[in-house]
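have a look at this fold, sequence not included:
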């Protein structure tokens with residue numbers, strides 16, 4: 001019943017429009033005007049471009065505050081998390097914000113040293129220098145392709161007057177990688193040597209690299225008996241090389257296809273370090289020198305000769321002490337370290353398709 005009434009009203013309204021031809025024209029004109037106004041507004045709407053992206057919360061808040069003070073319209077991009085502004089003002093705003101030091105980034109660099117006050121203590125100066133160096137290293141590491149963010153922590157020991165008590169600095173690097181990206185062996189080695197070369201006295205072995213998932217990217221020297229990929233590959237290459245040599249030697253004797261060798265190589269990757277201290281004076285000179293003198297007795301000249309002899313002995317004794325101390329100061333201590341190559345012990349197990357009389361093969365040592 002209701003559907004029939006609605007259809008009746010619709011038919012009556014259409015009949016009225018047909019009776020008065022001006023009404024359809026008015027409706028069409030209004031629709032055209034609305035479309036034109038929408039097109040004009042859309043054409044006048046500014047084209048927004050990205051001003052900055054991947055900002056920290058602190059930098060994002062500071063930039064938004066400055067844009068508000070400048071009466072610049074902006075909006076956030078939910079897809080990329082960037083701040084967008086009108087396209088014709090992007091470069092101008094970047095220059096104006098750069099004058100105010102924005103964005104500052106996640107770490108401070110050597111610009112921190114420009115803010116030092118008069119009368120700062122030596123400890124505070126050293127801490128500021130370490131912070132600045134960590135920030136500069138973080139910025140440099142972030143320029144590598146797969147790295148989204150990086151943090152560097154340096155452990156700088158206090159200098160010691162004794163060489164044997166001097167400790168080497170160490171560094172810990174944490175990298176935040178882009179989704180789906182990873183660092184290859186070359187990039188890991190580059191980051192390690194980059195940090196090692198930037199800090200005086202820092203050996204590459206004291207640099208630890210970790211990703212955002214807590215995975216250790218650098219191999220530690222104190223990893224115990226666990227083998228890394230490079231060591232396993234080296235062991236596999238050694239086994240394959242020995243297996244091919246055994247089959248090549250025995251195949252002419254027992255025939256092709258009658259020998260099958262299996263090799264299990266035990267590799268000792270333990271590094272041995274030997275330190276020698278050599279005490280070498282300057283050249284082959286003597287460390288001590290003794291002066292011997294003899295005196296001939298005379299009847300009248302004994303007192304004079306004795307006095308001269310005593311004075312000469314005192315002078316010689318002083319010269320002897322001075323020369324001896326000078327010799328002792330010229331002694332140098334030379335420390336050298338050597339690492340023995342890893343020994344490779346191989347065990348050979350063989351099986352033949354046909355019974356073959358062979359002698360037992362004892363374990364042997366294969367040079368690296």
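Perfect, I can see it now. Quick caveat, the model's predicted, so the values are computed rather than measured. Numbers count the residues shown, from 1 in each chain.

what about residue 191, how many residues close to it?
When neighbours are defined as other CB atoms under 10 Å, residue 191 has 24 of them. (Glycine included, C-beta is placed from N, CA and C.)

what helix or strand is residue 262 on?
Assigned by DSSP states H and E, residue 262 falls within strand 259-267.

name the strands paired with that strand and say parallel or antiparallel.
Under the criterion DSSP bridges, strand 259-267 sits next to strand 344-352 (antiparallel) in its sheet.

tell me the secondary structure for residue 84?
strand (DSSP: H, G, I helix; E, B strand; the rest coil).

er, residue 49 actually
Under three-state DSSP, residue 49 comes out as strand.

contact partners for it?
Counting by CB atoms under 8 Å, 6 or more residues apart in numbering, residue 49 touches 84-87, 90.

buried among those residues? Make that a ChimeraX selection.
Selection command for ChimeraX covering only the buried members of these, criterion 16 or more other CB atoms under 10 Å:
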select :84,85,86,90
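
all helices for the stretch 101-250 of the chain, in order.
Taking DSSP state H, counting those that start in this stretch to define them, one finds helices in the stretch 101-250 of the chain at 122-142, 185-198, 229-254.

quick check: mean pLDDT across the second one?
Per-region confidence: helix 185-198 scores 91 on mean pLDDT.

on contacts alone, who are the packing partners of it?
helix 122-142, strand 170-177, strand 207-211 (3 or more CB pairs under 8 Å, 6 or more residues apart in numbering; DSSP states H and E).

rank those by pLDDT, which is bottom?
Among the helices and strands packed on helix 185-198, helix 122-142 carries the lowest mean pLDDT (a mean of 86).

may I see the buried residues of the strand holding residue 262?
259, 261, 263, 265, 267.

between the residues you listed, which is closest to residue 233?
residue 267 (11.3 Å; CB to CB).

that closest one contacts residue 235, correct?
Yes. Counting by CB atoms under 8 Å, residue 267 touches residue 235, with 5.2 Å between them.

tilt between the strand holding residue 262 and helix 229-254?
Going by axes from the mean of the first three to the mean of the last three CA atoms, to 10 degrees, strand 259-267 is angled at 150 degrees with respect to helix 229-254.

contacts only, for residue 102.
Residue 102 neighbours (CB under 8 Å, 6+ apart): 59, 62-63, 66.

redo those as TSV? Include distance to residue 208.
Shown next, in TSV, are these (distance: CB to CB, whole Å):
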residue	distance to residue 208
59	28
62	33
63	34
66	39
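
export the helices and strands packed on helix 185-198 to a markdown table and tack on mean neighbour count and distance to residue 189?
As requested, these are exported to a markdown table (neighbours: other CB atoms under 10 Å; distance: least, CB to CB, whole Å):
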| stretch | mean neighbour count | distance to residue 189 |
| --- | --- | --- |
| helix 122-142 | 16 | 13 |
| strand 170-177 | 19 | 13 |
| strand 207-211 | 18 | 10 |
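
now render those as JSON lines, adding distance to residue 55.
Shown next, in JSON lines, are the helices and strands packed on helix 185-198 (distance: least, CB to CB, whole Å):
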{"stretch": "helix 122-142", "distance to residue 55": "13"}
{"stretch": "strand 170-177", "distance to residue 55": "14"}
{"stretch": "strand 207-211", "distance to residue 55": "22"}
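
for residue 155, which of those is the nearest?
strand 170-177 (4.6 Å).

can you give the contact residues for that closest one?
137, 141, 146-155, 183, 191, 195-196, 199, 202, 206-212, 217.

distance of the residue nearest to residue 160 when sequence neighbours are not counted relative to residue 156?
The shortest distance from residue 160 to any residue other than its chain neighbours is 4.8 Å, reached at residue 166 (CB to CB, 6 or more residues apart in numbering). Per CB to CB, to the nearest Å, residue 166 is found 12 Å from residue 156.

and the two? Which one has more around it.
Neighbours were counted for residue 166 and for residue 156 using other CB under 10 Å; residue 156 has more, 18 against 12.

can you give me the strands in the chain?
For the chain, the strands defined by DSSP state E cover 48-52, 75-76, 83-86, 147-155, 170-177, 207-211, 259-267, 272-280, 332-340, 344-352, 364-366.

by mean pLDDT, show me the worst of those.
Mean pLDDT values for these show the minimum at strand 364-366, a mean of 40.

if we can go back for a sec, so how do I select the buried members of the contacts of residue 102 in ChimeraX?
For the buried members of these, the matching ChimeraX selection, counting by 16+ other CB under 10 Å, is:
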select :59,62,63
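
among the contacts of residue 102, which lie within helices?
59, 62-63, 66 (DSSP state H).

dump these into a markdown table; add pLDDT and distance to residue 133 as well.
Converted to a markdown table, those look like this (pLDDT from 0 to 100; distance: CB to CB, whole Å):
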| residue | pLDDT | distance to residue 133 |
| --- | --- | --- |
| 59 | 78 | 21 |
| 62 | 84 | 25 |
| 63 | 86 | 27 |
| 66 | 87 | 29 |
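
list just the nearest of these to residue 161.
residue 59 (44.4 Å).

mind listing what the residue nearest to residue 160 touches?
157, 159-160.

which one (most neighbours) among those residues?
Neighbour max across those (other CB under 10 Å) = residue 157, 12 neighbours.

sounds good, over and out.
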